[in-house]
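Engineer: Test case, fold it:
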Amino acid sequence: MDSRTHRPTEPAAHAWRLDTALSLLRHAGLPVPAGEPGSPAYLQELVDQLVALSSRDALTGLANRRNFEMALAREVDRVARSGESALLLMVDIDHFKRVNDTHGHAAGDDVIRAVGRALAESVRPMDLVARIGGEEFAILLPNCPAAFGPQVAGRVRQRVARTPVSVAEGLQITVTVSVGGAFAPQWVRSTPALWIERSDRQLYRAKAEGRDRVCFEPMAMPQVSLEERELLLGGSAGTPAAPAPHGAPSTPVAQDSSE
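Structural biologist: As a prediction, this is how the structure comes out:
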């Protein structure tokens, strides 16, 4: 028998794709588009909602890792061109496994959602808060002066610690987070991976020093790494670094290492 006889007709295939798209929206708790089904306005709203859905974490509604990585790449490029200060915070829920083991995975999901809300409420609308995996979050803060970095990170940490989470009827718990922060090297063509590595290193230090704390790189303008120097110069790392553009700081500025 000709296999083509089993293929759905084009209208049927179109209807199937439309039903699948609508099911995705309903599953995510999003409203279906308004207007006449199949109309250009209806289809455009459906596409817009699907695009937004693809950039969001399903559990928290925050930006997902893909969205975060794209934003980070754009910010690295902007900082290299403008020299403006930008901060990356890596945030991890302390002792999260203990929450799951004691109260169950549904309670763990409640904690992740509550922490995500607390983080989003602690920063500016222009800042990007993302859940990048498990109990780990990232916050990207463009145009964040170096002097304000520890204050912002401290506010984030304190807001989470003061947020009670209902995990069962009549039962509330609180959790804490560890925070690691690093500024993008200004006037330097870095990479998102190197920036994440710097922030992660401070997050691990915060964990090692007892958790529920903030750790920053010792310098607001970290020393340029070998890899970043090669990116900047486009060749030998042994060549002296090019002079900073007019108006850029010529020496690192001291920075508090922890809260």
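Engineer: All the strands of this structure, residue numbers only.
Structural biologist: 87-93, 128-133, 136-141, 165-168, 171-173, 177-183, 214-216 (DSSP state E).
Engineer: For the second one, list every residue counted as buried.
Structural biologist: Put plainly, it is strand 128-133. Buried residues in strand 128-133, counting neighbours by 16 or more other C-beta atoms under 10 Å, are found at Leu128, Val129, Ala130, Arg131, Ile132. Glycine gets a C-beta too; all of them are placed from N, C-alpha and C.
Engineer: need those in a markdown table with pLDDT, can you?
Structural biologist: Compiled in a markdown table, the buried residues of strand 128-133 are given as follows (pLDDT from 0 to 100):
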| residue | pLDDT |
| --- | --- |
| Leu128 | 97 |
| Val129 | 98 |
| Ala130 | 98 |
| Arg131 | 97 |
| Ile132 | 96 |
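Engineer: okay, the strands of the chain in TSV with distance to Val115 next?
Structural biologist: Converted to TSV, the strands of the chain look like this (distance: least, C-beta to C-beta, whole Å):
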stretch	distance to Val115
strand 87-93	6
strand 128-133	9
strand 136-141	7
strand 165-168	8
strand 171-173	12
strand 177-183	7
strand 214-216	15
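Engineer: To Thr60, which of the ones you listed lies closest?
Structural biologist: When the strands of the chain are compared by C-beta to C-beta, strand 128-133 sits nearest Thr60, at 5.1 Å.
Engineer: And that closest one, how far out from the chain middle?
Structural biologist: Centroid displacement of strand 128-133 relative to its chain, using C-alpha atoms, centre = their mean, to the nearest Å, is 3 Å.
Engineer: residues making contact with that strand?
Structural biologist: Contact partners of strand 128-133, identified using C-beta atoms under 8 Å, 6 or more residues apart in numbering, comprise 57, 59-60, 62-65, 67-68, 71, 112, 116, 119-120, 123, 137-140.
Engineer: from those residues, which would you call buried?
Structural biologist: Applying 16+ other C-beta under 10 Å to the contacts of strand 128-133 flags 57, 60, 62-64, 67-68, 71, 112, 116, 119-120, 123, 137-140 as buried.
Engineer: Excluding sequence neighbours, find me the nearest residue to Ala182.
Structural biologist: Nearest non-adjacent residue to Ala182, counting by C-beta to C-beta, 6 or more residues apart in numbering: Arg198, 3.7 Å away.
Engineer: do the same with Phe137
Structural biologist: Val91 (4.3 Å).
Engineer: give me the number of residues near that neighbour?
Structural biologist: 29 (other C-beta atoms under 10 Å).
Engineer: give me every residue that touches it.
Structural biologist: Counted by C-beta under 8 Å, 6+ apart, Val91 has contacts Val115, Leu119, Glu136, Phe137, Ala138, Ile139, Val156, Val177, Ser178, Val179, Leu203.
Engineer: swap the cut-off to 7 Å and go again
Structural biologist: Residues in contact with Val91 (C-beta atoms under 7 Å, 6 or more residues apart in numbering) are Leu119, Phe137, Ile139, Val156, Val177, Val179.
Engineer: Nearest to Leu194 among the buried residues of strand 128-133?
Structural biologist: Nearest member of the buried residues of strand 128-133 to Leu194, counting by C-beta to C-beta, is Ile132, at 16.3 Å.
Engineer: Now do the same for the closest residue in space to that closest one that isn't next to it in sequence: its pLDDT.
Structural biologist: Closest residue to Ile132 apart from its sequence neighbours, by C-beta to C-beta, 6+ apart: Arg65 at 4.6 Å. Arg65 carries a pLDDT value of 94.
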